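# Mind looking at a prediction? Sequence and model below.
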Amino acid sequence: MRHYVVGACLAAFCAFPAAAQQQITAKSGEEVQAGWIGSVGANCTPNPVPSVQPSKLAQHGQIKLIEGEVQTDSVPECPGIKIPAIVVFYTSSPGYKGTDEFVLAPTGGAEQAYQVTVE
């Protein structure tokens, strides 16, 4: 199943950067898009969809990774480019309020940490 999402890259782009932490706000029990992981090579050529594995699971919710395609203007040299990516979703346990964290590891790239504030 392919999902089409328009947004900004919250994880890796053009080259996988050093580990970074993304801040996300979510409502208890509701799914939220936490970001996406994909990259672009030379001459605005999209790289294949990366393989992504969790290296730390969320303690108070679940993460969902869906292969899809994103369209972004995040790369000035490649406006409107469509990129195969892994789209990241998070859903807290029903009734949970507080913070949660998880870490994803794309093959060939730096780990990406996510900190979720659940309201």
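Yes, it's here.

# Any stretches of this structure with poor pLDDT?
Low-confidence segments of the chain, defined by pLDDT under 70: 1-20.

# Report the contact partners of the residue located most distally from the centre of it.
In the chain, Gly95 marks the outermost C-alpha relative to the chain mean, sitting 24.0 Å out by C-alpha atoms, centre = their mean. Under the criterion of C-beta atoms under 8 Å, 6 or more residues apart in numbering, the neighbours of Gly95 are Ser28, Gly29. (Glycine included, C-beta is placed from N, CA and C.)

# Confirm that it sits in a strand.
No: counting by DSSP: H, G, I helix; E, B strand; the rest coil, Gly95 is located in no strand; its state is coil.

# how close does it get to Lys27?
Taking C-beta to C-beta, to the nearest Å as the measure, Gly95 falls 11 Å from Lys27.

# what residues are shared contacts of the two?
Here Gly95 and Lys27 have no joint contacts, going by C-beta under 8 Å, 6+ apart.

# Look at Gly38 and say how many residues are nearby.
Neighbourhood size, Gly38 [other C-beta atoms under 10 Å]: 27.

# And the strands in the protein, which stretches?
3-6, 20-26, 32-37, 52-56, 61-72, 81-92, 98-106, 112-118 (DSSP state E).

# and of the ones you listed, who's closest to Cys44?
Counting by C-beta to C-beta, Cys44 lies closest to strand 81-92 out of the strands of the chain; the figure is 5.9 Å.
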